[in-house]
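J.: structure for the following, please:
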Amino acid sequence: MSSSSRRLSQVAAATGGVGIGQTVEVQGSHGVVRFSGTTDFASGRWFGIELEGPQGKNDGSVQGKRYFECAANHGVFVRMSQIKILGSSGVASAEGIPRPRATIHGAEIQQAEQPKLRPPSRGTMGGDALARTARRASALPPGSASGIATPSISRLSAPFGQRIAGSQLPGASPAGVRRSSGAQQQQQLAMRRSTLSGTSRSGSRQALSSGSSEVSASRPMSREQQPIHAGTGLHEAAAIVDDNDKGESEDEKAEEEAAPRTPYRPSLSMDEVPSIESPTSEAQTVSIKQYEELRVKYRFLEQKRSEDRQRLQNADKVQAEAEQALRVRNKLAARMAAQQNETRELKQQLKDSTAAREAMEAKYADSQEMMEMLSVDKEMAEERAETLAQETEALREQLAEANTDLDVLREGGAPGEPMEAAQLQRQNERLKEALVRLRDVTTESEGQLSLRVKQLEREAQAATELAEEGGALRERLAGAEAQIDDLKERLDDALGAEEMIEALTERNLELSRVNEEQQAALENMEALCEVNNEMDETRAEEVQGLRADIERLNATLRERDRRVDALEEAVVDYQFNISQYRDLVAALQADVQRLREREQTQASEAASISSHTQEMLSQNLQLRSSVMKTKAKAVDLELRRLDAEQAVERLTLTEPFLPDHFRSEGAALAALLALKRLAAKAEILCSQLEQPDAPETLSDSFVAAADVRALLARCSAHAALLVGFMSSCGDAEFLRLAALLHDAQPIERRLNGLIDLVRSEELRTVDALPEVRRLATQLCALTDAHVPAKAELPVPRLDAAAASLAFGVDVQLANLCYTEQLLVSTSVFTPEDRQRIESGVLGPLVSTINGCRDAKGAAVKLLRRARELHASGFVASSRAQEQAAQIQQAGDALGEYTMRVRVVVQDHLAAATAEEDAQPASLERLLQDLASITQDIFGANDASPLGLGLRASQQLAKQLAELLALLGDDREATKGPAIEAPWIRRAAQFKASLVQNTDVQRRTEALNEEIISLARELKLRDQTIQEHNVRAEMHEKRTDTMRKQSEHVAELKKLLDTARTKEHTYEEAIESLQSEMDSLEAEARKLRQANEAAAKAAAAGGFLSGSNGSGSPIPTDLLGLRNKIGTLQDSVAYLRKENAHLRAKYMYKEELALLRQTSLPVHTAANKEVGEVVREAKVVAREACRLAAMPKLVKLGAQDRHAAWQPLSSHPQFELYRQQTLAQTLKHRAERVQQRLRSIRQFPALATSGTSIVSAV
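T.: Got it, this is the predicted structure:
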């Protein structure tokens, strides 16, 4: 504290106030005033006190604002009425009562400052003041005297007499001192005259020399204690020296004014007369000591100055290093920005390379799948080839059989019936036509196959090129991977550079701090240097003053030598006075003993009275403080009430000026505010019902209070969930949720009733529990009805889960503790059952309670963390939310389990104690009920009755700890999206609808037209880009198709060779059949001629019976021929079917490849429609090919009326009708497919392909 601030505090203390830096007593503890004035946390004037011990309440700051600096728990803020001012500030009372010297160091300096405020008390002056006045006593005239009416020599005895008087009798008056000293002088004088004849001059000189040495030593001692033992800085030491000099000059003036008024009394006692010797050498020694001390101080300051110079040099070096670090930091920041840009580009390249790599992997996977399909097709083709070979062998066997039958027919041929011969001829002609068509189809298929082979060769060449391109892409992929590795290394280097920048920044800040400290130390050293210069000047002045004092002391000693002779004559009088004084002392000692006993009695009574007085005063201060706080709170409440009334009145006055939109939105806003009030009031009730310490004896009300708090927390969570949904929903939903106001009003009235009961302390939790449960159920139903399950409300849901877990654990603990108390305190069980309960039930129950306590700590931390995330605007991850929901379900199950266990135990004990002459309760039935509860809740049982509950509590605590660790990870929390409230959007819409400025409308229209044109251009550009993308995708798919087809080339070649082999075999079979047909036709002609001849012979008559008898074998041969011809027809039909199947297979593959090439993935709906059209076209083409490849010959000649009955399905007309109907149906289906293909305008290639397919059909 500087001298100016010390003077201000002294003036404030003198005028009755409390100054900064003053030592005071607060609540039994000493402290120093560090702050005085108004604060933000309360009205009125407050004083900040830094206490000596940790009995405070803060560190100088309240509610985040710092008022002064001090250690933790050392600061306290009090009113003026609570402060007791101590005398440690150096200011004594004006009545002259001296302050007790508490310490050696501080008292000397504070007493040195007293002459500046008041004149010293001559009767009770301290040792330092007397020491200062003693060295000026020689300058007074012989007739002058001090304030105690003694000669000038009495000033030399002040350190011995008056110091004792001042310390032992602080309330003694100067008059009393004068009277006692006068009586003693008379007795000493009488005794001295009778016993002493004289006193040697030298003895008296020696005695005076010892007294003068003590007097002269008192002044430099006070000077030495001021700068060394005061415990203050050098600035304060310099100020103290100046104050001492000024105080001495004032003391001298006061003594010179008071000296003429004091009469001369020549009586001195022998005890008070000191011997004096020459003080010249002693005074010089004192000045030399002081000079040596000042030289030591000067050398010390010189050393400090050199150290400061070294520190300045170090500070300059540190500053240079800091500037260099700053330049390096700027360069590194520039390089870091470049590195970040390059890293961003490399990340983009890495992303593109990764996408290309994924595309290549997808293509490779498709190729693998196609290879597997081709391998399956190959196996199927091989099986088909084996089947065809077997069928060829069967045909050859049939052909051999037909040749055999033909030979038999040729050998035993005879004229037969002409009708059967004509039918055979027509059948042969049809077979010929079928063979011709078969040859044509075979030729056509061979040409198509040759074209297909050429096409496949071209595709194989393209596939080779694609394979080369794939190799190039693999090389590019390898290069991209190498580049990715390089980018990762560079990214690691960039991260290292960031860490280095952070380290350099921290070092720069540390160097800046060190530089500031060095600057402060430099300023301090400069101040010390100035103080040293001032001390040098002061030392020179003091040397001159000491020399003048030495001269004055020498003159005083000479004068005192002359006065010694007169004093020796007074010794005889002193002896007489001494004898009288001793008698008087003996009488007074008895009086003093009585007075001491009386004083002890009075002191004990005064101590008791003072203690009661202190208690009354402290209670009065506390009462005043509470009254002042109450008044301040009342004023604040009145001001807040006035602000609320003003706000309501302003809203009432503003409503008529608002548009109609506000009235339409008012209900929704009122519902939102009502829900917020519900949440706040539920939290208020929950906090008011909190029980900080559980009672020693639990009851139903304690458990009911925990249930009520959990239900109120659930109500608050549901209301907050509705508020969050209304704050983020759409406009229509916001208006629809205005209906919640009617549901929220009765709930709010019930909560208001509960709050009134809490205010009047009439709330019974047992009676309020059903009503609170109904409120929670109603709010839960409202939430389920109005908040969708898929609504994105991560923050309110997490808060609700955390609050449910935190208060649910309290309910579990209450139930379990109450259950434990019931089991411990009951006496309805037998001793054996009690032992079983203590070993098998109470042990797991206590462990479950400990697990629930662990879960409670974790749940409270989880709730705090969730609210911190909510306050900071962060959102937990979906994994954390799912885990919180699962933990909430587990906590609800455990709460239900503990509640049912408590109810079962309570019911058993109540039933056992209610019955008169009841037998001891059955433990087995209680354990069975507990096992059934465990089975109902957890779906399993355990050997221990409460084993599963114990594991559930431990698992709950573990899961809560894991979830808390998960939420503590900053990576699991993301910044929540900024969601605009619906009322803000509605207000913006209303404001936009009210704008009627024509210029703005004109500009808006122009901008709208410009936007439309830009949108049209953007749409055209997007369409062009889309077309390019489609073309690129088509090329990619064609490339994939070519690659896949190239892989089929070898297998297709094998199939082609097999088909050629089969074709050659079929051609040979057809040629043999043709030759056989020719021979059969020749034989048929012969048979016709024979039949004609037989007919002519029959017409001539005479050979009818003979002809019948001789022609009997002909029908038998004709029947065999018919069978053979039917067999050949079946063979030809089979060959046609095989040929059609082979042709259809190749045609399907070609059309399928075409459809794959022309399919465009524009959007999902178009792809689905195109897929349906393609599937229908395939079905139509397949059926048309089957119909064209397998025609059935129908005989439409006249039928025999006398033939046996045949079903309609076997008639030729029905077969013809069926074939025609099938052809018409296929035609209509093909036309419908064509129409659907024409309707797909954005897929021209696919439409053309589909049209070509249907046209081919």
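J.: which is the next helix or strand following the helix or strand containing Ala460?
T.: Using DSSP states H and E, Ala460 falls within helix 418-569. Moving toward the C-terminus from helix 418-569, the first helix or strand encountered (DSSP H and E) is helix 571-654.
J.: elements contacting that next one?
T.: Contacts defined by 3 or more Cβ pairs under 8 Å, 6 or more residues apart in numbering; DSSP states H and E place helix 571-654 against helix 174-195. (Each C-beta comes from the backbone N, C-alpha and C, glycine too.)
J.: sketch out the low-pLDDT regions of the stretch 151-300 of the chain for me.
T.: 151-287 (pLDDT under 70).
J.: neighbouring strands - and their directions - for the longest strand anywhere in the chain?
T.: Determined from DSSP state E, the single longest strand within the chain is strand 29-38. Counting by DSSP bridges, the strands paired with strand 29-38 are strand 23-26 (antiparallel), strand 45-51 (antiparallel).
J.: residues touching it, excluding its own?
T.: The contact list for strand 29-38 (Cβ atoms under 8 Å, 6 or more residues apart in numbering) reads 18-25, 44-53, 55, 60, 67-70, 75-77, 86.
J.: what about it, average pLDDT?
T.: Strand 29-38 shows a mean pLDDT of 89.
J.: pull out the buried residues from it.
T.: Neighbour-count burial for strand 29-38 flags 29, 31-36 (criterion: 16 or more other Cβ atoms under 10 Å).
J.: also stretch 902-915?
T.: Quick answer for stretch 902-915 (16+ other Cβ under 10 Å): 902, 904-906, 908-909, 912.
J.: got it, and stretch 454-464?
T.: The neighbour-count check on stretch 454-464 (16+ other Cβ under 10 Å) flags 456, 459-460, 462-463 as buried.
J.: could I get those residues as a markdown table with pLDDT and distance to Lys1178?
T.: Shown next, in a markdown table, are the buried residues of stretch 454-464 (pLDDT from 0 to 100; distance: Cβ to Cβ, whole Å):
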| residue | pLDDT | distance to Lys1178 |
| --- | --- | --- |
| Leu456 | 75 | 22 |
| Glu459 | 75 | 22 |
| Ala460 | 73 | 26 |
| Ala462 | 76 | 26 |
| Ala463 | 73 | 26 |
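J.: so which of the residues you listed comes closest to His1211?
T.: Leu456 (47.9 Å; Cβ to Cβ).
J.: separation between the closest one and Arg396?
T.: 32 Å (Cβ to Cβ, to the nearest Å).
J.: how about Met1077?
T.: 17 Å.
J.: quick one, which of the two is more surrounded?
T.: Met1077 (18 against 13; other Cβ atoms under 10 Å).
J.: for the more buried one, what are its contacts?
T.: Residues in contact with Met1077 (Cβ under 8 Å, 6+ apart) are 428, 431-432, 435.
J.: restricted to buried residues, select those residues in PyMOL.
T.: To isolate in PyMOL the members of the contacts of Met1077 that are buried, counting by 16+ other Cβ under 10 Å, one can use:
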select buried, resi 428+431+435
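J.: out of the contacts of Met1077, who's nearest Glu1092?
T.: Using Cβ to Cβ, those come closest to Glu1092 at Asn428, 18.1 Å.
J.: so for the closest one, what pLDDT did the model give?
T.: With respect to pLDDT, Asn428 has a value of 71.
J.: quickly list the domain ranges of this structure.
T.: The chain breaks down into these domains under automatic domain parsing: 3-89, 104-277+570-599, 600-656, 668-791, 792-993, 1000-1197+1205-1256.
J.: just to revisit the earlier point, turn the buried residues of stretch 454-464 into CSV, including distance to Arg329.
T.: As requested, these are exported to CSV (distance: Cβ to Cβ, whole Å):
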residue, distance to Arg329
Leu456, 69
Glu459, 64
Ala460, 65
Ala462, 60
Ala463, 59
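J.: quick one: Leu374 from Lys1044, how far?
T.: Relative to Lys1044, Leu374 is positioned 8 Å away (Cβ to Cβ).
J.: of the two, which one has the most company?
T.: Legend: neighbour count by other Cβ under 10 Å for Leu374 and Lys1044, higher for Lys1044 (22 against 17).
J.: surely that one is in contact with Glu369?
T.: No. Taking Cβ atoms under 8 Å as the definition, Lys1044 is not a contact partner of Glu369, at 9.7 Å.
J.: what about Leu842, how many neighbours?
T.: As a measure of burial, Leu842 has 17 neighbours, counting by other Cβ under 10 Å.
J.: Val76 - that's part of a helix, no?
T.: No. Counting by DSSP: H, G, I helix; E, B strand; the rest coil, Val76 falls outside a helix, being strand.
J.: would you map the strands across this protein?
T.: 23-26, 29-38, 45-51, 61-62, 65-66, 75-78, 84-85, 874-876, 973-975.
J.: lowest average pLDDT across the ones you listed?
T.: strand 973-975 - the lowest mean pLDDT of these, at a mean of 66.
J.: ok, back up a step: next, format the strands paired with strand 29-38 as a markdown table and append mean neighbour count and distance to Gly1126.
T.: Shown next, in a markdown table, are those (neighbours: other Cβ atoms under 10 Å; distance: least, Cβ to Cβ, whole Å):
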| stretch | mean neighbour count | distance to Gly1126 |
| --- | --- | --- |
| strand 23-26 | 19 | 131 |
| strand 45-51 | 21 | 126 |
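J.: reformat these as CSV; add distance to Leu294.
T.: Listed next are the strands paired with strand 29-38 as CSV, based on distance: least, Cβ to Cβ, whole Å:
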stretch, distance to Leu294
strand 23-26, 31
strand 45-51, 35
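J.: returning to that earlier point: out of the buried residues of stretch 902-915, which one sits closest to Leu1018?
T.: Arg902 (69.9 Å).
J.: separation between the nearest residue to Asp700 once chain neighbours are set aside and Asp377?
T.: Once flanking residues are discounted, Asp700 sits nearest to Val766: 5.8 Å by Cβ to Cβ, 6 or more residues apart in numbering. Separation of Val766 from Asp377 (Cβ to Cβ): 81 Å.
J.: circling back: mind checking the strands of the chain for the one nearest to Arg867?
T.: strand 874-876 (11.3 Å).
J.: and for Val787, nearest residue in space, chain neighbours not counted?
T.: Val787's closest residue in space is Phe725 (Cβ to Cβ, 6+ apart), at 4.8 Å.
J.: neighbours around that neighbour, how many?
T.: For Phe725, the neighbour count with other Cβ under 10 Å is 21.
J.: any idea how far Asp561 is from it?
T.: For Phe725, the distance to Asp561 - Cβ to Cβ - is 109 Å.
J.: same check, this time on Val296
T.: Distance, Val296 to Asp561, using Cβ to Cβ: 38 Å.
J.: same check, this time on Thr538
T.: With Cβ to Cβ as the criterion, Thr538 and Asp561 are 34 Å apart.
J.: return the residues in contact with Ala679.
T.: Taking Cβ under 8 Å, 6+ apart as the test, what Ala679 contacts is 715-716, 719-720, 723.
J.: which ones among those residues map onto helices?
T.: Among the contacts of Ala679, the members falling in helices (DSSP state H) are 715-716, 719-720, 723.
J.: make a PyMOL selection of the buried ones in these.
T.: Buried residues within the ones in helices among the contacts of Ala679, by 16+ other Cβ under 10 Å, are selected in PyMOL with:
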select buried, resi 715+716+719+720+723
